[in-house]
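K.L.:
sequence and predicted structure below; questions after.
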Amino acid sequence: MPLPERLPTDVSGSAADVLELSIRGMTCAACAARVERSLSRLPGVRAEVDYAAERARLTVASEIPVEVLIERVRAAGYDAEPVRAAPARGMATEDDRRAAALARRLVVAVVLLMPLCEGSIEFSLVPWTRFPGWQWLLLALAAPVVTWAAWPFHRAALRAARHGACTMDTLASLGVVTATGWSLYTMFSGQAGETGGTLLTLLLQRPSGAIYLDVAAGVTSSLLAGRLIEARARGKAGNALRALAAIGARQASRLQDDGSELRVPVERLRVGDRLVVRPGETIPTDGRVLSGRSAVDRSSMTGESLPVEVGEGDPVVGGTVALSGRLVIVATAVGGDTQLARMVELVARAQVGKTAAQRLADRIAAVFVPGVMLAAGLTLVGWLALTGSLQAGFSAALAVLIVACPCALGLATPMALRAASGRGAQLGLVFRGLEAVERSTKIDTVVLDKTGTVTRGRMEVVGLEPVSGTDRCTLLREAGAVEQRSDHPIGRAIAVAARRELGALPPVTGFTALPGLGARGEVEGHQVLVGGARLFTARGGEIPASVLERCAAWEARGHTVALVARDGGLLGAIAIADVVKPSAAPAIRELQRLGLRCVLLTGDEAAAAGAVAAEVGVEEVIAGALPEEKLDRIRALQAQGRRVAMVGDGVNDGPALAAADLGMAIGAGTEVAVESADLVLLRDDLVAVPDAVRLGRWARRTMEGNLIWAFAYNLAAIPLAASGHLSPLVAGAAMAASSALVVWNSSRLWRFRAGVTEPAEG
């Protein structure tokens with residue numbers, strides 16, 4: 001199951017045109033937009049910066065050293081380094097470290113917030129409980145929260161200010177600093193003595209002389225809690241990548257020339273090494289079976305629940321587990337060239353990129369922060385003009401600053417899409433970029449290649465018709481004995497079927513291949529002939545009517561027929577065909593249930609194509625299409641206004657896969673097909689196709705729900721805060737809750753299950 005070659009991860013001169021940078025220091029979508037603008041201003045550079053993934057994907061058309069790109073990021077106030085590899089096994093990610101640091105700050109903030117709130121409320125509502133120096137007690141409780149715990153927000157705000165920018169942290173830091181400064185002024189100027197009222201008044205609308213240290217600490221705690229949830233959710237996709245990388249073996253048993261075995265680290269393996277794999281061991285690298293048979297568990301790689309039987313000549317993939325029987329394999333790919341390594345890298349790259357909805361949200365977030373600061377200033381001026389109350393104006397302006405942080409807006413799209421692509425990778429559905437997830441929701445027509453996609457892609461014996469007086473075993477034994485020397489696909493299919501059913505076959509002597517006709521040889525003293533009707537009748541043989549009737553029925557279904565004769569007498573007929581995959585009919589029924597039109601597109605003749613289409617339930621068939629005609633057929637469907645997904649596996653499917661709105665490559669297919677596709681189906685199971693569509697649709701619904709909530713929240717919350725109906729403390733809690741809701745809604749995508757039917761969507 002080959003995956004595409006890895007993209008280059010270095011941009012020194014013209015050696016590569018694609019680079020990914022890990023961006024450190026971004027705290028919101030506005031930061032990502034700033035870095036993206038800064039990089040895109042370089043001539044010949046096109047940048048996409050993903051805040052949720054903390055990565056920049058660059059297409060460099062000119063000779064620009066990577067150092068210049070990194071300096072450009074630093075000039076914008078952030079730091080960067082090239083992404084050179086997928087997460088290593090057991091290695092902590094930046095998200096893990098950030099989450100641990102945020103957790104420590106949050107614990108301190110929450111522990112100090114509880115007595116601070118209690119003291120602030122008591123001293124505000126019951127002035128006679130105050131004692132000399134009560135201000136210093138509250139300040140001692142608040143100081144660690146508004147300085148050390150809130151330092152990530154202050155640091156990011158200062159960095160942005162040095163570069164003339166505003167981010168979400170600007171709003172957070174400004175809110176905390178302003179609330180703290182006003183509280184200090186009120187406490188030490190003696191105005192705090194005027195405070196009074198009820199608990200509800202204190203929470204919803206601060207009375208004259210109120211202090212805001214509890215607000216500053218509460219906002220800090222809420223922001224830290226939101227950032228912690230966000231960091232852990234962002235790290236989940238990274239955890240999935242590390243879990244994927246961890247399934248590989250660490251050591252292998254290399255078979256020496258003298259027959260002994262030597263345990264070596266997998267890093268020392270070379271192509272051509274012979275390796276021994278025992279039951280229960282992980283296959284250490286991609287290879288081909290030299291001897292032995294075993295059931296192989298591929299669930300970790302493809303999501304398939306049932307093991308697959310492999311034997312001599314079959315390919316095996318590193319990271320899968322041999323369940324029964326001893327295997328000797330020869331390594332065909334090692335290190336970064338294995339499917340596991342390529343899959344990890346492909347999944348990592350699929351987490352980077354932007355959809356149209358995400359780019360729109362980023363543009364809005366980039367101008368949102370300055371707009372909120374302007375709204376807060378206008379709120380303060382408006383309250384002073386209308387009421388003359390500095391206290392009321394300050395409280396309303398502070399609430400506007402705090403409630404309007406655009407976290408939810410910046411996270412709405414990327415969190416949903418990253419969760420969908422990460423969950424898809426666990427199920428063997430590798431989206432090559434977030435745009436592929438989005439495009440999977442828009443298709444209305446699925447075009448399926450026949451050979452290797454709907455069918456198994458290899459010839460198999462599907463029928464036996466012995467003449468009167470001959471049994472099935474004799475017919476298969478004689479034909480298999482001759483064809484075991486053949487290299488023709490039909491001959492190999494007959495020999496495999498004979499060995500599978502009868503075991504060892506008698507030797508053949510005097511084997512002769514008859515091109516275009518068949519083969520002949522001597523088996524146990526008898527001359528055996530295997531071939532088409534023309535080969536048999538040319539030698540004067542007669543075919544019974546019953547055999548002719550069965551052969552005609554087979555040929556009408558697109559099967560190939562081979563006649564078998566011994567010493568001139570007909571033994572019977574064998575039907576050989578490329579059989580339909582068991583998953584094909586259920587997959588097509590599910591696609592049709594989802595409202596998608598299915599088309600079978602093949603280069604085979606109409607009879608064979610029609611028989612397969614009837615078996616799987618496809619009504620629209622395009623047969624006899626050459627590779628360039630397949631491309632034309634895809635474009636013709638698109639010209640009719642259809643949004644087309646193409647599912648294929650062969651070299652001749654590459655142009656059609658690239659031209660389709662969504663190209664889906666069967667993972668066991670050729671590298672040309674995989675390289676041309678937007679989605680790689682690692683499972684050799686067509687049910688993966690409707691699974692991908694359902695996952696994409698769920699991601700779209702999640703993304704739309706997130707965006708609706710993010711916009712609705714700000715549209716409702718900002719006017720409430722500006723009108724004085726939302727206190728700063730409640731505003732902080734509401735802002736954190738909005739981000740947490742978006743993260744939670746996106747995380748539900750990790751519960752998606754393959755093969756589970758959901759209500760159809762038009």
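P.N.:
Perfect, thanks for sending it.
K.L.:
would you state the helices of the stretch 301-450 of the chain in chain order?
P.N.:
In the stretch 301-450 of the chain, the helices defined using DSSP state H, counting those that start in this stretch lie at 339-350, 356-386, 390-403, 407-426, 434-439.
K.L.:
between those helices, which gets the lowest average pLDDT?
P.N.:
Per-stretch mean pLDDT for the helices of the stretch 301-450 of the chain is lowest at helix 339-350 (a mean of 62).
K.L.:
the bottom helix or strand of this protein by mean pLDDT?
P.N.:
helix 199-204 (a mean of 44; mean pLDDT, DSSP states H and E).
K.L.:
burial check on the closest residue to Val461 other than its chain neighbours, number of neighbours?
P.N.:
Excluding its sequence neighbours, the residue lying closest to Val461 (CB to CB, 6 or more residues apart in numbering) is Ala497, at 3.9 Å. (Each C-beta comes from the backbone N, C-alpha and C, glycine too.) Ala497: 21 surrounding residues under other CB atoms under 10 Å.
K.L.:
can you pull the buried residues of the helix or strand that Ala497 is a member of?
P.N.:
Ala497 belongs to helix 489-502 when elements are defined using DSSP states H and E. For helix 489-502, a neighbour-count test (16 or more other CB atoms under 10 Å) marks 490-498 as buried.
K.L.:
nearest to Thr453, of those residues?
P.N.:
Ala493 (19.0 Å; CB to CB).
K.L.:
show the contacting residues for the closest one.
P.N.:
Ala493 is in contact with 458-461, 576, counting by CB atoms under 8 Å, 6 or more residues apart in numbering.
K.L.:
over to Pro506?
P.N.:
Contacts for Pro506 (CB under 8 Å, 6+ apart) come out as 477, 481, 523-524.
K.L.:
mind checking which of the residues you listed land in strands?
P.N.:
Of the contacts of Pro506, the ones assigned to strands by DSSP state E are Val523.
K.L.:
coming back round to it: of the contacts of Ala493, keep whichever come out buried.
P.N.:
459, 461, 576.
K.L.:
where neighbours are concerned, which of the contacts of Pro506 has the most?
P.N.:
Ala481 (25 neighbours).
K.L.:
distance check, that one against Leu475.
P.N.:
11 Å (CB to CB, to the nearest Å).
K.L.:
ok, the nearest residue to Cys166 once chain neighbours are set aside to Ile718 distance?
P.N.:
Counting by CB to CB, 6+ apart, Cys166 lies nearest to Val369, which is 4.3 Å off, once chain neighbours are set aside. Val369 sits at a distance of 13 Å from Ile718 (criterion: CB to CB).
K.L.:
kindly report the same for Val146.
P.N.:
Using CB to CB, Val146 is found at 24 Å from Ile718.
K.L.:
neighbour-wise, which of those two wins?
P.N.:
Neighbour totals were compared for Val146 and Ile718, and Val146 leads with 25 against 21 (other CB under 10 Å).
K.L.:
that one reaches Asp214, doesn't it?
P.N.:
No. With contacts defined as CB atoms under 8 Å, Val146 does not count as touching Asp214, sitting 10.8 Å away.
K.L.:
pLDDT and distance to Arg288 added to the buried residues of helix 489-502, as a markdown table?
P.N.:
As requested, the buried residues of helix 489-502 are exported to a markdown table (pLDDT from 0 to 100; distance: CB to CB, whole Å):
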| residue | pLDDT | distance to Arg288 |
| --- | --- | --- |
| Ile490 | 84 | 23 |
| Gly491 | 87 | 21 |
| Arg492 | 85 | 16 |
| Ala493 | 88 | 20 |
| Ile494 | 91 | 23 |
| Ala495 | 90 | 19 |
| Val496 | 88 | 16 |
| Ala497 | 89 | 22 |
| Ala498 | 91 | 23 |
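K.L.:
out of these, flag the one nearest to Ala225.
P.N.:
Of the buried residues of helix 489-502, the one sitting nearest to Ala225 (CB to CB) turns out to be Val496, at 61.8 Å.
K.L.:
in contact with the closest one, which residues?
P.N.:
Applying CB under 8 Å, 6+ apart, the residues near Val496 are Glu460.
K.L.:
thought Ser395 was touching Val730?
P.N.:
No. Applying CB under 8 Å, one finds Ser395 not in contact with Val730, separated by 11.2 Å.
K.L.:
okay, those two: which has more neighbours?
P.N.:
Remark: of Ser395 and Val730, Ser395 carries more neighbours, 28 against 20, as counted by other CB under 10 Å.
K.L.:
returning to what we had before: the residue nearest to Val461 and Arg155, how far apart?
P.N.:
For Ala497, the distance to Arg155 (CB to CB) stands at 71 Å.
K.L.:
nearest spatial neighbour of Val317, skipping sequence neighbours?
P.N.:
Gln339 (5.1 Å).
K.L.:
what about the one you found, how many residues nearby?
P.N.:
So Gln339, with other CB under 10 Å, has 22 neighbours.
K.L.:
for Pro265, give me its contacts.
P.N.:
Applying CB under 8 Å, 6+ apart to Pro265 gives the contacts 250-252.
K.L.:
wait, is Arg74 part of a helix?
P.N.:
Yes. Secondary structure assignment (DSSP: H, G, I helix; E, B strand; the rest coil) places Arg74 inside a helix.
K.L.:
circling back: any idea which of the contacts of Ala493 is closest to Leu679?
P.N.:
When the contacts of Ala493 are compared against Leu679 (criterion: CB to CB), the nearest one is Arg458, at 23.9 Å.
K.L.:
who's in contact with Met623?
P.N.:
Heads up, residue 623 is Ala, not Met. So Ala623 contacts 602-606, 608-610 (CB under 8 Å, 6+ apart).
K.L.:
give me the pLDDT for the nearest residue to it once chain neighbours are set aside.
P.N.:
Once flanking residues are discounted, Ala623 sits nearest to Ala609: 3.9 Å by CB to CB, 6+ apart. Listed pLDDT for Ala609 reads 82.
K.L.:
correct me if wrong: Ala609 contacts Gly558.
P.N.:
Yes. With contact defined as CB under 8 Å, Ala609 counts as touching Gly558 (7.3 Å).
K.L.:
which one's more surrounded, the two?
P.N.:
Ala609 (24 against 18).
K.L.:
what helix or strand is that one located in?
P.N.:
If you go by DSSP H and E, Ala609 is part of helix 606-616.
K.L.:
list the buried residues for that helix?
P.N.:
By 16+ other CB under 10 Å, the buried positions in helix 606-616 come out as 608-613, 616.
K.L.:
pick out whichever of the residues you listed sits closest to Ala80.
P.N.:
Proximity of the buried residues of helix 606-616 to Ala80, judged by CB to CB, is greatest for Val616, which lies at 49.9 Å.
K.L.:
what sits against that closest one?
P.N.:
454, 580, 584-585, 588, 600.
K.L.:
dump stretch 284-302 to PDB, keeping only the CA atoms.
P.N.:
The C-alpha trace of stretch 284-302 is given here as PDB (Å, rounded to 0.1, in the frame of the first residue of the first chain):
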ATOM      1  CA  PRO A 284       9.500  -4.500  11.500                       C
ATOM      2  CA  THR A 285       9.400  -3.000   8.000                       C
ATOM      3  CA  ASP A 286       7.700  -3.200   4.600                       C
ATOM      4  CA  GLY A 287       8.500  -6.400   2.800                       C
ATOM      5  CA  ARG A 288       7.500  -9.400   0.800                       C
ATOM      6  CA  VAL A 289       6.900 -12.900   2.200                       C
ATOM      7  CA  LEU A 290       9.600 -15.400   1.200                       C
ATOM      8  CA  SER A 291       8.200 -18.300   3.100                       C
ATOM      9  CA  GLY A 292       5.600 -19.200   5.700                       C
ATOM     10  CA  ARG A 293       1.900 -18.300   6.200                       C
ATOM     11  CA  SER A 294       0.300 -16.100   8.800                       C
ATOM     12  CA  ALA A 295      -2.800 -14.100   9.600                       C
ATOM     13  CA  VAL A 296      -1.800 -10.500   9.900                       C
ATOM     14  CA  ASP A 297      -3.600  -7.900  12.100                       C
ATOM     15  CA  ARG A 298      -3.600  -4.600  10.100                       C
ATOM     16  CA  SER A 299      -6.100  -2.700  12.300                       C
ATOM     17  CA  SER A 300      -3.500  -0.300  13.600                       C
ATOM     18  CA  MET A 301      -2.700   0.800  10.000                       C
ATOM     19  CA  THR A 302      -6.000   0.600   8.200                       C
END
